[in-house]
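K.L.:
how would this look folded up:
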Amino acid sequence: MLLDPRGPRFAAVVTTLVLVVVLVTGSGWLALAQAVVFAIAAVDPRRSPYGLLFRVVLAPRLARPAELEPVAPVRFAQLLGLGFMLVAAAGYLSGATWLGLVVSCLALAAAFLNGAFGLCLGCETYLAFRRMTGRAIPARVPNPSN
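P.N.:
Numbers count the residues shown, from 1 in each chain. Okay, the predicted model is just below:
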């Protein structure tokens, strides 16, 4: 399965905004809601709320992407985000606010790097793992519809 690489980047921008609100409000419930979004995206990034928003509202207004990217690195990145946000939500909701703050800041940094610069730390971690284990590395491919 292949994705328009602009979709995950758009999702990272929305996630960045959500995480800023989590940090400002200290809301464990919002952190948990973001964890649910990550869980959905880990199953299928195209079905996540942010992915659907991109596909329905933005993608029809944009030119077709020159390349498509494999879904596996994006899924792995979403799983990492899910883990971070579950820990953050647990921290906020249990009274360990410092834990929620630290983990939310780490997640915010990763989301910001992806949204602003296209550097997906989770995707890079996935690719590094594949290299270390000697497995084939999925690559971007030209969009056949162009």
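
K.L.:
longest helix anywhere in the chain?
P.N.:
Longest helix of the chain, by residue count under DSSP state H: helix 71-94.

K.L.:
now what about the helix or strand that comes right after that one, what contacts it?
P.N.:
Sequence-wise, the next helix or strand downstream of helix 71-94 (DSSP states H and E) is helix 97-117. Helix 97-117 is contacted by residues 8-10, 12-13, 15-16, 19-20, 22-23, 26, 28, 31, 77, 80-81, 84-85, 87-92, 119-122 when judged by C-beta atoms under 8 Å, 6 or more residues apart in numbering. Glycine gets a C-beta too; all of them are placed from N, C-alpha and C.

K.L.:
redo that, cut-off 6 Å
P.N.:
The contact list for helix 97-117 (C-beta atoms under 6 Å, 6 or more residues apart in numbering) reads 12-13, 15-16, 19, 22-23, 84, 87-88, 91-92, 119-121.

K.L.:
On the pLDDT front, check the residue nearest to Asp4 when sequence neighbours are not counted for me.
P.N.:
For Asp4, ignoring the flanking residues on the chain, the nearest one in space by C-beta to C-beta, 6 or more residues apart in numbering is Pro65 at 4.8 Å. Here, the pLDDT recorded for Pro65 equals 93.
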